[in-house]
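**Q** using only what follows, build the 3D model:
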Amino acid sequence: MKLNRTTILALFVAAHCISTACAGESVVVAAQETEAAVAPRAAHLRLINLPQLEFGLRAAIKCTGTAESLTLSVADTVTTLNEEAINGERSAEVLLTVPASQLALAASRKFCLKDDAASTNELLVPGLATAHASLRCRNKDSVTVHFASAPLQVKLLCKRPLTEDQDSSLAK
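**A** Below is the predicted model of the structure:
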């Protein structure tokens, strides 16, 4: 998955500037929209099974002392960056691959139906999952932990098989 750095960077900078204006230590997490292709389903099925999804996450970090660790998670998929990976850095990026079994099902009556060419081929599902971040900071007097979260947006694309007309137009 290719990160759309312009979009994620703009969200990231805006969120970081707003939240850190009042705080000496903080963490902010941002994510770009993720896309997934799904197969058409029978009209009586309202729930859409999702495939494994990849989420590109970026966290802005600020510690007055030393950043000890940064943990990023979506559902039950977790990664932790240690002190060597984040100390002296102002941000970190990770790509989390979340198995389908950890994701909720999406619901729609008019998206990607097998025998209904008029059903929609795109569905935007805001808040399907949530990205969480926790930053552990250490200074000479104390250890503090800071938390942030952000809703994740998924765009579902219907992967319909090619029809005979489409096949012949591609062959020309």
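**Q** and Leu157, what does it touch?
**A** Glu35, Ala36, Ala37, Val38, Asn121, Glu122 (CB atoms under 8 Å, 6 or more residues apart in numbering). C-beta here means a position set from N, CA and C on the backbone, and glycine is covered the same way.
**Q** CA atoms of the strand or helix carrying Leu96 as PDB?
**A** Using DSSP states H and E, Leu96 falls within strand 91-98. Extracted C-alpha coordinates of strand 91-98, given in PDB (Å, rounded to 0.1, in the frame of the first residue of the first chain):
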ATOM      1  CA  SER A  91       7.300  11.400  14.500                       C
ATOM      2  CA  ALA A  92       7.100   7.700  13.500                       C
ATOM      3  CA  GLU A  93       5.300   5.800  10.700                       C
ATOM      4  CA  VAL A  94       4.200   2.200  10.700                       C
ATOM      5  CA  LEU A  95       2.100   0.000   8.400                       C
ATOM      6  CA  LEU A  96      -0.200  -2.300  10.300                       C
ATOM      7  CA  THR A  97      -1.800  -5.300   8.600                       C
ATOM      8  CA  VAL A  98      -5.000  -6.200  10.400                       C
END
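**Q** that strand packs against which elements?
**A** Contacting strand 91-98 under the criterion 3 or more CB pairs under 8 Å, 6 or more residues apart in numbering; DSSP states H and E are the following elements: strand 53-62, strand 66-74, strand 77-82.
**Q** so for Ala42, which of these sits nearest?
**A** Among the helices and strands packed on strand 91-98, the nearest to Ala42 by CB to CB is strand 53-62 (22.9 Å).
**Q** direction included, what does that closest one pair against?
**A** Strand 53-62 has the following strand partners under DSSP bridges: strand 26-31 (antiparallel), strand 91-98 (antiparallel).
**Q** please identify the deepest-packed of those strands.
**A** strand 26-31 (a mean of 24; mean count of other CB atoms under 10 Å).
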